[in-house]
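[1] structure for the following, please:
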Amino acid sequence: MSAEALTQDLAPWIGRTRRVTDDITAFPVNALAATLGLAPLGATFGTPVPPLWHWLYFLPLLRPEETRHDGHALGDDFMPPVALPRRVWAGSTFSWETGNPLRVGERATRLSRIDSITPKSGRSGELVLVELVHEYSNARGVSLINKHLTAYRGEGKKPSCQSEAAQADTQAPWYRQIVPDAVLLFRISALMFNAHRIHYDQPYASGQERYPALLVQGPLVAMLLLDLLRREAPQATVRHLEFKAVRPAFIDRPLHLRGRREGRGARLWAADDEGRLTMTANAEMES
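    Numbering: from 1, shown residues only. Alright, predicted model coming up:
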């Protein structure tokens with residue numbers, strides 16, 4: 001079935017909304033700081049949640065029968081039941097409201113909306129892109145707006161990790177190398193209640209989705225790039241971020257993180273062990 005045919009029955013999902021609430025507690029923030037090897041944050045009541053760490057909250061508590069074969073959620077009355085076997089994070093944009101971060105100790109709300117469902121076809125097979133908009137609010141108003149792009153892929157003739165990718169620029173004043181291992185991937189998946197099997201089930205990742213190794217979580221790469229920015233420009237306040245996932249990164253292989261200031265913003269990117277671009281990011285800041 002073509003991607004166009006797949007989405008004909010999914011049109012009623014466009015515009016659907018879901019509202020959920022969560023309590024912003026200290027443990028996930030402190031646990032992520034430890035997982036990333038950062039100095040202990042000692043988060044307590046009133047501590048601001050660092051940018052992107054909202055991913056620790058509003059987690060779907062799915063029962064086993066509510067998950068797909070790959071560990072992702074089945075379609076329900078909100079998410080569309082896209083009949084393609086492979087699902088990956090394709091990219092996101094984030095905009096933070098000045099002076100209103102989510103804080104430990106408060107109750108927050110996420111209003112989600114499906115903005116579009118777009119079919120595509122290419123050399124890698126059928127593809128359906130689902131764009132969601134998440135609006136995070138607290139008692140003081142809107143804190144963060146996130147546009148999130150998910151890609152559903154067909155089997156294809158070869159895994160997406162083998163597609164051609166540009167060589168990453170190696171000339172950058174900011175640089176850090178990290179080798180994501182099984183412990184890091186496990187702890188990130190646990191903190192985000194992420195059951196996607198490509199991050200922990202090697203036989204599934206290689207046998208079913210034909211990847212050469214376990215995949216590093218896209219949000220983890222994004223957080224590592226933002227951590228690089230914080231290390232190099234600690235006084236800057238990020239107001240807008242845009243990420244694009246270009247190619248998977250794999251476990252136990254060097255991941256090269258680079259970036260530079262560009263005016264009042266910054267350009268960030270990640271490359272794999274072969275120097276190929278895996279993720280790009282652009283940040284707008286106040287400093």
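
[2] from here on, just use CA atoms for contacts and neighbour counts.
    OK.

[3] ranges for the helices of the stretch 51-200 of the chain?
    Residue ranges of the helices in the stretch 51-200 of the chain, as given by DSSP state H, counting those that start in this stretch, are 182-191.

[4] what residue ranges in it are flagged as low confidence?
    Counting by pLDDT under 70, the stretch 51-200 of the chain has low-confidence residues at 73-77, 122-124, 155-164.

[5] from F243, how far off is the residue nearest the centre of the chain?
    Closest to where the C-alpha atoms of the chain average out (Cα atoms, centre = their mean) is P219, at 3.1 Å. When distance is defined by Cα to Cα, to the nearest Å, P219 is 10 Å away from F243.

[6] same thing with R230?
    For R230 relative to F243 (Cα to Cα), the value is 16 Å.

[7] also R103?
    From R103 across to F243, the span is 24 Å (Cα to Cα).

[8] also Q167?
    On the measure of Cα to Cα, Q167 and F243 end up 18 Å apart.

[9] more neighbours, those two?
    Counting neighbours by other Cα atoms under 10 Å for Q167 and for F243 shows that F243 has the greater number, 23 against 13.

[10] ok, the nearest residue to the more buried one once chain neighbours are set aside to A182 distance?
    Sequence neighbours aside, A281 is the residue nearest to F243 in space, at 4.4 Å (criterion: Cα to Cα, 6 or more residues apart in numbering). Counting by Cα to Cα, the separation of A281 from A182 is 25 Å.

[11] do the same with P212
    Separation of P212 from A182 (Cα to Cα) stands at 15 Å.

[12] show me what contacts T35?
    Residues in contact with T35 (Cα atoms under 8 Å, 6 or more residues apart in numbering) are 184, 187-188.

[13] buried among these? Need that as a selection in ChimeraX.
    The following ChimeraX line selects those of the contacts of T35 that are buried, judged by 16 or more other Cα atoms under 10 Å:
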select :184,188
